[in-house]
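Colleague: sequence first, then the predicted structure:
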Amino acid sequence: MGIEVGGLLGLIHLIIAIWAIIKVAQSSASGLSKLLWILFILLFPLIGLIVWFVAGPKGR
């Protein structure tokens, strides 16, 4: 049962990370800011998503 739960949580995390990257790319922030946010989300998966959700560039 542990493998199924871990796989499901991994899939959910992947979906949320992709959604966050798309939102960053669509934001009105500068190109460098977008790049830094995307790298932060990819390099620090859980912390990056939490920080982006709280302080990241807002949508249009």
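Modeller: Arrived safely.

Colleague: list the buried residues in the top helix by length along the chain.
Modeller: Ranked by number of residues, the top helix in the chain under DSSP state H is helix 2-26. Across helix 2-26, burial judged by 16 or more other Cβ atoms under 10 Å covers 17, 20-21, 23-24. Placement of C-beta: from N, CA and C, glycine included.

Colleague: now the helix or strand just after that helix: buried residues?
Modeller: Counting by DSSP states H and E, the next helix or strand C-terminal to helix 2-26 is helix 31-43. Using 16+ other Cβ under 10 Å as the test for burial, helix 31-43 gives 34, 37-38, 40-41.

Colleague: from memory Phe40 sits against Val51, does it?
Modeller: Yes: counting by Cβ atoms under 8 Å, Val51 is a contact partner of Phe40 at 7.0 Å.

Colleague: hang on, the earlier thing: out of the buried residues of helix 31-43, which is nearest to Glu4?
Modeller: Nearest to Glu4 among the buried residues of helix 31-43 is Ile41, at 25.9 Å by Cβ to Cβ.

Colleague: I figured the closest one was touching Ile22, is that so?
Modeller: No: if you go by Cβ under 8 Å, Ile41 and Ile22 don't touch, sitting 10.9 Å apart.

Colleague: all good on my end, thank you.
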